[in-house]
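1. quick check, what structure comes out for this input:
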Amino acid sequence: MESPFKPDVLKGKVALITGGGSGIGFEISTQFGKHGASIAIMGRRKQVIDSAVSTLQALGIPAFGIEGDVRKQEDARRVVESTYKHFGRIDILVNAAAGNFLVSAEDLSPNGFRTVIDIDSVGTFTMCHEVLKYLKKGGPGRSSSSGGTILNISATLHYTASWYQIHVSAAKAAVDATTRSLALEWGADYDIRVNGIAPGPISDTPGISKLAPEEIDNKSGDYMPLYKLGEKWDIAMSALYLVSDAVYLPLGVRALVSSESA
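-> Residues are numbered from 1 along each chain as shown. Coordinates of the predicted model:
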């Protein structure tokens, strides 16, 4: 598919992407890099990070990988500082790291609930908190005229109710609330744009292969106006739009559903 954006729309920008080594996160990494950005990928699995970085570099994209767990503040700080030292600036943070598994509420342990909250919700805030000084206007490596951009990847599960996803629904609801609050505070105070994308079911992702039971998936056509799943490329294009200079969205979040309900 051909991108609707100019190849250099992110020229000179540096993007730090959590969970950027696989799935939707890797597609965002790839498309940002193809459109001019330098890419830093954060993830817990070294093999996945190394493979992703090698793939990006083979495409001529400046790429850098750092192991880290978004649940740990010391890891978040180390990754952010390493990205700045490597590239000399940070312009974009994408929070795409997430945890998920299917389980009924009755069988879900409080520890399992807490784990997903820690990765998705606390991890998102922790990364935002650690990167703030690099994104605010006048911050390290940045001119005083403008701030950077934060993009949080959410979901649509919590907009109604979803089977066996109470932990993820709670986590993503918190991500949405965090996004709105940061958009208000940091947009006004530091000229940082904070927005979110809420994908529905996306093909060729763990969310489809592992998390969609056949008995539920067979009913999915009932709520698909276009009768097809979204693709990772759709989400990456939405992300590209929101972090580019083509958009100005003050004091708010736009939750874009790039899937069957788009």
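2. what's the helix or strand hosting M237 packed up against?
-> Using DSSP states H and E, M237 falls within helix 232-243. Applying 3 or more CB pairs under 8 Å, 6 or more residues apart in numbering; DSSP states H and E, one finds that helix 232-243 makes contact with helix 23-34, strand 92-95, strand 149-153, strand 193-197. Using the backbone N, CA and C atoms, a C-beta is placed for each residue, glycine as well.
3. now do 10 Å
-> Helices and strands touching helix 232-243, by 3 or more CB pairs under 10 Å, 6 or more residues apart in numbering; DSSP states H and E, are strand 14-18, helix 23-34, strand 92-95, strand 149-153, strand 193-197.
4. now the angle from it to strand 149-153?
-> 150 degrees (axes from the mean of the first three to the mean of the last three CA atoms, to 10 degrees).
5. so which bits of helix 232-243 are buried?
-> Using 16 or more other CB atoms under 10 Å as the burial criterion, the residues of helix 232-243 that qualify are K232, W233, D234, I235, A236, M237, S238, A239, L240, Y241, L242, V243.
6. going by distance to P4, which of the residues you listed wins?
-> Using CB to CB, M237 is the member of the buried residues of helix 232-243 that lies nearest P4, at 7.0 Å.
7. what about the closest residue to A170 other than its chain neighbours, neighbour count?
-> Leaving aside its sequence neighbours, A170 sits nearest to I117 (CB to CB, 6 or more residues apart in numbering; 6.6 Å). The number of residues packed near I117 is 18, by other CB atoms under 10 Å.
8. from memory I117 sits against A174, does it?
-> Yes: contact criterion CB atoms under 10 Å: I117 and A174 qualify, at 7.1 Å.
9. contacting residues for the residue nearest the centre of the chain?
-> The structure's the chain has its C-alpha centroid closest to A96; by CA atoms, centre = their mean the separation is 2.8 Å. Listed by CB atoms under 10 Å, 6 or more residues apart in numbering, the contact partners of A96 are 17-29, 41-43, 124, 151-153, 197, 235, 239.
10. can we see that at 6 Å?
-> T18, G19, G25, I153 (CB atoms under 6 Å, 6 or more residues apart in numbering).
11. can you lay out the residues you listed as TSV showing distance to P7?
-> TSV is the format used below for the contacts of A96 (distance: CB to CB, whole Å):
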residue	distance to P7
T18	25
G19	25
G25	21
I153	24
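12. closest to G33 out of those residues?
-> Closest approach between those and G33, by CB to CB: G25, at 12.6 Å.
13. need the contact list for that closest one.
-> I17, G19, A96.
14. mind running it again at 10 Å?
-> By CB under 10 Å, 6+ apart, the contact set of G25 is 17-19, 41-43, 52, 94-98, 153, 232, 235-236, 239.
15. okay, now R114: neighbour count?
-> 13.
16. could you list the low-pLDDT ranges of this protein?
-> 144, 202-229, 247-262 (pLDDT under 70).
17. let's see it at 80
-> For the chain, the stretches flagged by pLDDT under 80 are 1, 143-145, 200-230, 246-262.
18. need the longest helix for it.
-> Longest helix in the chain, counting residues (DSSP state H): helix 166-190.
19. output the contacting helices and strands for that one.
-> Checking 3+ CB pairs under 10 Å, 6+ apart, helix 166-190 ends up next to strand 92-95, helix 110-116, helix 123-135, strand 149-153, strand 193-197.
20. how about the secondary structure of M42?
-> Classification of M42 using DSSP: H, G, I helix; E, B strand; the rest coil returns strand.
21. many thanks, we can stop here.
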